[in-house]
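Undergrad: Okay, sequence plus prediction incoming.
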Amino acid sequence: MFAFIAKRARNAVLLLFLASVLCFALVVSAPGNVAILIAELRTPTATKADIAKVEEELGLNKPLLERYGFWLNGAIHGDFGISYKTGEAVGASLKSRLAVTATLVAGGAVVAFLLSLFVGFVGALWAHRAPDVVTRGSALLGASTPSFFVGALLVYAFSVTWHVFPTFGFAGPVSWVLPWLTLGFLPAAVLSRVVRVGFEEAMAKPYVLTAMSKGLSRTSILVRDAIPNIAPTYLNALGTQIGTMVVGAVVVEPLFAWQGIGDLFLTGVRFRDFMVVQACLLVFITFFIILNVVVDICITLTDPRLRLQRS
Amino acid sequence: MSSEPILRVKDLTIDLLTAHTVVRPVDGVVYELSRRETLAIVGESGSGKTVTCFAPLGLMPVGVQADISGSILFDSRQLVGSDNETLRSLRGKSIGFIFQDPMSALNPARRVGRQIAEVAELHLGMTARAAETRALELIKMVGMSDPEIRLKQYPHELSGGLRQRVMIAIAIAAEPTLLVADEPTTALDVTVQAQILRLLKEIQSRMNMAMILITHDMGVVAGAADRVMVMYAGRHAIPRKQDAIGSRFRGLPGVPPILGAPITGCAFMPRCGYAVDACGERRPPFLPTAVPGVSAACPVLNIRAKECA
Amino acid sequence: MQPVRPLLKAIGAFPRSAVFTICAFVLLGLLAPYIAPHDPNAQDLLVAGQGPTLAHPFGVDHLGRDTLSRLIVAARTSLVGVCLVLVCAHAIGIAIGTIAGYRRGWTDELLMRIVDVGQAIPSLIVSLAVIGIAGVSYWNMILALALAWWPGSARISRAVAVNTMNKPHMEALRVLGASPVRIYFVHLLPTTIGAVLVYATADAGAVALAIATLSFLGLGIQPPTPEWGQMLVDALPYLESDPRQVILPGLTLTLAVIGFNILGEAVALTEFRSR
């Protein structure tokens, strides 16, 4: 088991290295001279000397490999350079915005988790072989509805019509509810289908007949026999959906005027603020790589057959 | 040995209803079983052996509904028409079940210790800890080595024979009075089959259980059964005390009939080389044959008997 | 004709509702300028925010533009965008995939590792990063989405190409002395394009959604060109007074994407069955 984790971690580090090269290459290949942009940011009437000074300062006149090493070293220590647009340190912006995005994604994940388990469980308990249309439909809706549309509908219903939650802002738990629902709703639809189909498949297995022969009730068979068998599949899907939700943060944060990393990324993209785009991209990719490893380890822990195979 | 049967089955008829079809796998079956006795139900695949024992206790695959008529008295309780809760309280507690394929019958994602212990928890009202001790006891009883280690293992870490021993431990965990074993040795290695059969007999006599042994293996019947019921097309063809069936029972060519439409005459007729017109007219009753003491529902043998008399 | 046959075969197996939705979408897209009752960009501030009338059955937006016309023309915007993205993405993908599948060896290894990295990053993040570097414009949006979608196409193309190269008739061609150029362009490429065309339809829904999302974020289709995501974000400030202008484009978009996704699911299913 330990060897398996070590192997996955090594692969993750390798991927991270590739990702950093990619991020670096993206900015190096960007059209336009970065030094001119920065110099003009400082003084609109920048002269050649000013530009040369900026180049010297940021090490832009050094060979590529050295520049990469310089940048990577900074990135590892949380220094992602300076925003061309605002002149602020990108690392500091990232740090101050991390809590907002973490709140959003964690809340969305909880919503997706609870909602999908509830709907899937209720479906499995009461609706014997509910029409396939319903289960297929929920997954289809989850993959087809834009989250900004869901958000707009929620705002219209809960803020404009019923005045239950504020329209936007990041000010305490009440203001968190709508963004959480917006982010978690569609993943919940996809996941509830995973639960529903998983239960249906598990309940048709011979070991359920064994459990019935023991005199267990349907509910305890669902809980004791079906859930351990569904867990690996569900965790895998949940991991994918958490990834989707991090991407969704880019859409949901501006919708509710939250100052998170998604919003920072979007601002960077809008104003072609390369350093911000580069830093956010690296943060996102790092998150995806780590998420993948965590999901893999969770699956291995919940599936005894995989655990044996991989240890 | 008490002579009062703990199980009395009379005219048991079962229709299975799925979404698309109705079949009658069990048609007017009659048998009795006393404590410590073993009844072997023998028949080809698809002859209704399994359904006879499982459907009346509410053990049905998902999506299949059973329509049961006749009478089943278990411990002087009528099972036919009982509600699901009553049947559920009997399952595991008074009646233990063993299935054909121990690989698929055990839950692959749970430790075998838990799968045994939960029966004791449910039916003997034990705490989790006490049930764990009980599971250890049972594992020793079914003859597994390293019992402490086995408890913590998963089904895929055990061999077929060991898995079937776990299955037996589950079935007897609440000390039932009747054990239903559905082809308990079919999926196992030939060398292990005899061991498992011996274990079953041993546990049966130790716990004073009655046992129904469903099988298609005449060797198993000869070694273990007190009574034999041969089933064909949902009917009991030859109910007899165990004696010379092993040597006299001969197979027929062909395959068993599909049970979709009720069969009016003798169900063997399409495959029987000796069939006469009477075979197809109505269901032949059990009548004496030319051999003293042997009855059969076969017009050919019955007519010969009359001629001889 | 050869490359189109698998596509036609797959369409035959589609659920009718999806075929209907998509036909409606494509027809709207193709005929938009002729069936739109009004000029989608003609402003009439006197009627701004008005509810449905005979002249404007779906009402008008905050600038007095006819919503029905804008919804119809937006179908065209979306259809053209989706087609462009899919063509570009599959052009790159098929080229890379067939080269990897034809050459095998280290070329294959290298190209597929790049594809791995590309597939590991969510498509919206990739397209946002590309727009962040290249700047906001229509063609940059197409480029960004194509760059986000090619790895999937490359993977499928490679699988098809490898499969095709292993067929006995390809071996026969080589033995008969057909030149590599001939094998690649006359035999391998058309077969691959045909098979991948089917998969292209499966991606259409996701691409349509991505175009709308980018437009919603202000990074895709720019006003005044009507596009569903952009119409929605445009009307968002007036959600309280005129929710219809938010709900209508949202619903239309969802409907179109659902149609494409049913189609995609059917494609995946028929492919799965034919394997």
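TA: Thanks, I have the structure now. Computed from a prediction, not measured in an experiment: that's the story for all the values here.
Undergrad: how much space between whichever residue of the stretch 1-150 of chain C sits closest to chain A and residue C:143?
TA: When scored by CB to the nearest CB, the stretch 1-150 of chain C has residue C:132 as its residue closest to chain A, at 3.6 Å. Any C-beta I mention is one placed from the backbone N, CA and C, and that applies to glycine too. From residue C:132 across to residue C:143, the span is 13 Å (CB to CB, to the nearest Å).
Undergrad: quick one, which of the two is more surrounded?
TA: Using other CB atoms under 10 Å in any protein chain shown, the more surrounded residue of residue C:132 and residue C:143 is residue C:132, with 30 against 18.
Undergrad: tell me which element the more buried one is part of?
TA: According to DSSP states H and E, residue C:132 maps onto helix C:123-134.
Undergrad: and the angle for the following helix or strand past that helix with helix C:123-134?
TA: Once the chain leaves helix C:123-134, the next helix or strand it forms, by DSSP H and E, is helix C:138-165. Between the axes of helix C:138-165 and helix C:123-134, defined by axes from the mean of the first three to the mean of the last three CA atoms, to 10 degrees, the angle is 130 degrees.
Undergrad: can you pull the buried residues of stretch B:127-138?
TA: B:131-132, B:134-136, B:138 (16 or more other CB atoms under 10 Å in any protein chain shown).
Undergrad: How far does that stretch sit from its chain's centre?
TA: Relative to the centre of its chain, stretch B:127-138 is centred 28 Å away, using CA atoms, centre = their mean, to the nearest Å.
Undergrad: what does stretch A:165-174 give?
TA: Offset of stretch A:165-174 from its chain centre (CA atoms, centre = their mean): 21 Å.
Undergrad: and chain B, what are its domains?
TA: B:5-236, B:269-308 (automatic domain parsing).
Undergrad: isn't residue B:266 right up against residue B:279?
TA: Yes. Using CB atoms under 8 Å, residue B:266 is in contact with residue B:279, at 4.4 Å.
Undergrad: Quick one: find the helix or strand in chain B with the lowest mean pLDDT.
TA: Every helix and strand of chain B was ranked by mean pLDDT, DSSP states H and E. The lowest is helix B:245-248, at a mean of 42.
Undergrad: From the contact counts, what lies against the helix holding residue C:132?
TA: Packing partners of helix C:123-134 (3 or more CB pairs under 8 Å, 6 or more residues apart in numbering or on different chains; DSSP states H and E): helix A:2-28, helix A:227-255, helix A:261-270, helix A:274-302, helix C:138-165, helix C:189-216.
Undergrad: Could you pull up the mean pLDDT of it?
TA: For helix C:123-134, the mean pLDDT works out to 90.
Undergrad: For that helix, list the C-alpha coordinates in PDB.
TA: Extracted in PDB, the C-alpha atoms of helix C:123-134 (Å, rounded to 0.1, in the frame of the first residue of the first chain):
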ATOM      1  CA  SER C 123     -11.300  22.100 -21.500                       C
ATOM      2  CA  LEU C 124     -12.600  25.300 -20.100                       C
ATOM      3  CA  ILE C 125      -9.400  26.000 -18.200                       C
ATOM      4  CA  VAL C 126      -7.400  25.300 -21.400                       C
ATOM      5  CA  SER C 127      -9.500  27.600 -23.500                       C
ATOM      6  CA  LEU C 128      -9.500  30.400 -20.900                       C
ATOM      7  CA  ALA C 129      -5.700  30.200 -20.700                       C
ATOM      8  CA  VAL C 130      -5.400  30.400 -24.500                       C
ATOM      9  CA  ILE C 131      -7.700  33.400 -24.600                       C
ATOM     10  CA  GLY C 132      -5.700  34.900 -21.700                       C
ATOM     11  CA  ILE C 133      -2.600  34.700 -23.800                       C
ATOM     12  CA  ALA C 134      -4.000  35.400 -27.300                       C
END
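Undergrad: Return the set of buried residues in it.
TA: C:123-134.
Undergrad: Stretch C:34-53 now?
TA: For stretch C:34-53, burial by neighbour count (16+ other CB under 10 Å) applies to C:36, C:38, C:40, C:47, C:49.
Undergrad: Can you tell me how far the first one is from residue B:154?
TA: Taking CB to CB as the criterion, residue C:36 is separated from residue B:154 by 65 Å.
Undergrad: returning to what we had before: distance to residue C:102 and mean pLDDT added to the helices and strands packed on helix C:123-134, as JSON lines?
TA: JSON lines is the format used below for the helices and strands packed on helix C:123-134 (distance: least, CB to CB, whole Å; pLDDT from 0 to 100):
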{"stretch": "helix A:2-28", "distance to residue C:102": "25", "mean pLDDT": "84"}
{"stretch": "helix A:227-255", "distance to residue C:102": "32", "mean pLDDT": "92"}
{"stretch": "helix A:261-270", "distance to residue C:102": "37", "mean pLDDT": "92"}
{"stretch": "helix A:274-302", "distance to residue C:102": "31", "mean pLDDT": "89"}
{"stretch": "helix C:138-165", "distance to residue C:102": "6", "mean pLDDT": "91"}
{"stretch": "helix C:189-216", "distance to residue C:102": "9", "mean pLDDT": "87"}
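Undergrad: most tightly surrounded among those helices?
TA: helix A:261-270 (a mean of 25; mean count of other CB atoms under 10 Å in any protein chain shown).
Undergrad: in the sheet, who's paired with the residue nearest the centre of chain B?
TA: For chain B, the residue whose C-alpha lies nearest the mean C-alpha position (CA atoms, centre = their mean) is residue B:214; its distance is 3.7 Å. Beta-bridge partners recorded for residue B:214 (DSSP bridges): residue B:41, residue B:182.
Undergrad: thought it was touching residue B:53?
TA: Yes. Judged on CB under 8 Å, residue B:214 makes contact with residue B:53 at a distance of 6.4 Å.
Undergrad: Give the residues shared as contacts by these two.
TA: Contact criterion CB atoms under 8 Å, 6 or more residues apart in numbering or on different chains; residues shared by residue B:214 and residue B:53: B:41, B:180, B:182.
Undergrad: Just the buried ones from those?
TA: Neighbour counting by 16+ other CB under 10 Å classes B:41, B:180, B:182 among the shared contacts of residue B:214 and residue B:53 as buried.
Undergrad: Switch the domains of chain B over to CSV; also include mean pLDDT.
TA: Below are these laid out as CSV (pLDDT from 0 to 100):
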stretch, mean pLDDT
domain B:5-236, 86
domain B:269-308, 66
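Undergrad: Comparing these, which comes out most buried?
TA: Greatest average neighbour count among the domains of chain B goes to domain B:5-236 (a mean of 19), per mean count of other CB under 10 Å.
Undergrad: got the angle for the helix holding residue C:132 vs helix A:227-255?
TA: Here helix C:123-134 runs at an angle of 30 degrees relative to helix A:227-255 (the same axes, to 10 degrees).
Undergrad: Does the residue nearest to residue A:24 when sequence neighbours are not counted lie in a helix or a strand, and which?
TA: Excluding its sequence neighbours, the residue lying closest to residue A:24 (CB to CB, 6 or more residues apart in numbering or on different chains) is residue A:68, at 5.3 Å. Using DSSP H and E, residue A:68 falls within helix A:64-76.
Undergrad: contacting residues around that helix?
TA: Contacts of helix A:64-76 from elsewhere in the structure, counted by CB under 8 Å, 6+ apart, are A:20-21, A:24, A:28, A:59-60, A:62, A:80-81, A:279, A:282.
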